[in-house]
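1. predicted structure and sequence below. I'll ask about it afterward.
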Amino acid sequence: MILSSSATNIFIKAWKVFSLETLNLFNYFINEVTFNVDPWYINYFWWLILLSLFIWGLEILFPWRRKQSILRKDFFLDLFYLFFNFYLFKIIVFYGFSVLAEKTFNQLIGGKEHLIIFDTSTLNPILQLIIFFVILDFIQYITHRILHYFSFLWEFHKVHHSVEEMGFAAHFRYHWMENVFYTPMKYISMMLIGNFSPDQAFIVYYISIAIGHLNHANIQLSYGPLKYIFNNPKMHIWHHTKKLPEKFNKGVNFGISLSLWDYIFKTNYIPSTGRDNELGFNNLESFPKSFLNQFIHGFKKTKEDT
């Protein structure tokens, strides 16, 4: 009974913290929309819109698949995912988790700084950014592979792979449970290497968004020799390709921003341009098409792909 009461109290306190911080974040979101953020350059909302419009403009002016419509299949579904996932839900989950974790560490060990194994605060700011970017991307590469290798996680990740025509906004189509899975992994990596400023997190966040937009865009890019370092549309199209050799039955090209992990760990595969590849997975025709049905997908038993 004592344990039950303690657990209830912990839950109530955690819920109060999460609710309060979520409300604070919502108020911040309203301030962003109405241009009441200081300094102006950390306005997530309008940066996201401007970046999206810019890369969509490149798709319209320089399309790789010329027969693909400007308003491609499921374009508006992906725009909805853009705001639900990459802005509202992702930031709420990450922010709420961060605040809750910080309060927990303060109570248990007097602060998360006691867990830092590598303090970057004394390094050159540019070097700090590079370390932050590389480590965070490596964590995401590992997490992405895990999403493909475990069948119950793959069911959630299928939402992202249900894209049938690639475009910048396809970057945002993924199941909300991926945020729940990715967030602790990212937070732990940031906590262990420690002492990054909010401005640095902002810069890395938007560099990653820009690369992710381009990876999914209907644009012909490979970056020349830099393709061995940065992910690109010609590489990422093969990650979404429906038919792959048997030895790659769990997928290929798992890199998020950086392609170098795929080359290091031999998960790279780019046999041709891939421009006209059929995308998706087996039995895609029976996969949920609406946001609400995709929202709940993965929580019930499904048949294995054939």
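-> Sure, I can see it.
2. wait, isn't Asn179 in contact with Asn85?
-> Yes. Asn179 is in contact with Asn85 according to C-beta atoms under 8 Å; the separation is 6.9 Å. For the C-beta atoms, the positions are set from N, CA and C on the backbone; glycine is no exception.
3. ok, the two, which is more surrounded?
-> Ranked by neighbour count (other C-beta atoms under 10 Å), Asn179 and Asn85 place Asn85 first, with 23 against 18.
4. what score does the more buried one have for pLDDT?
-> On pLDDT, Asn85 comes in at 83.
5. go on, His216?
-> Looking at His216, its pLDDT is 97.
6. got the contact list for it?
-> Contact partners of His216, counting by C-beta atoms under 8 Å, 6 or more residues apart in numbering, are Val163, Met166, Gly167, Phe168, Ala169, Ala170, His171, Pro233, His236.
7. tell me which of those residues fall in helices.
-> Pro233, His236 (DSSP state H).
8. could I get the contacts of His216 as a markdown table with distance to Phe133 and neighbour count?
-> Formatted as a markdown table, the contacts of His216 follow (distance: C-beta to C-beta, whole Å; neighbours: other C-beta atoms under 10 Å):
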| residue | distance to Phe133 | neighbour count |
| --- | --- | --- |
| Val163 | 26 | 23 |
| Met166 | 24 | 26 |
| Gly167 | 25 | 26 |
| Phe168 | 21 | 27 |
| Ala169 | 23 | 26 |
| Ala170 | 23 | 30 |
| His171 | 18 | 26 |
| Pro233 | 20 | 22 |
| His236 | 18 | 27 |
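9. of the contacts of His216, which is the nearest to Pro288?
-> Distance to Pro288, by C-beta to C-beta, is smallest for Val163 among the contacts of His216, at 13.5 Å.
10. list the contacts of the closest one.
-> Contacts of Val163 (C-beta under 8 Å, 6+ apart): Asp74, Asp78, Ala170, Arg173, His216, His240, Leu279, Gly280.
11. quick check: closest non-adjacent residue to the second one.
-> Using C-beta to C-beta, 6 or more residues apart in numbering and skipping residues adjacent in sequence, the residue nearest Asp78 is Ala169, 3.7 Å away.
12. out of the contacts of His216, flag the one nearest to Trp56.
-> Ranked by distance to Trp56 (C-beta to C-beta), the contacts of His216 are led by Phe168 at 5.7 Å.
13. and the gap between the closest one and Ser208?
-> Per C-beta to C-beta, to the nearest Å, Phe168 is found 14 Å from Ser208.
14. now swap in Phe287 and tell me
-> From Phe287 over to Ser208 the distance is 27 Å, taken as C-beta to C-beta.
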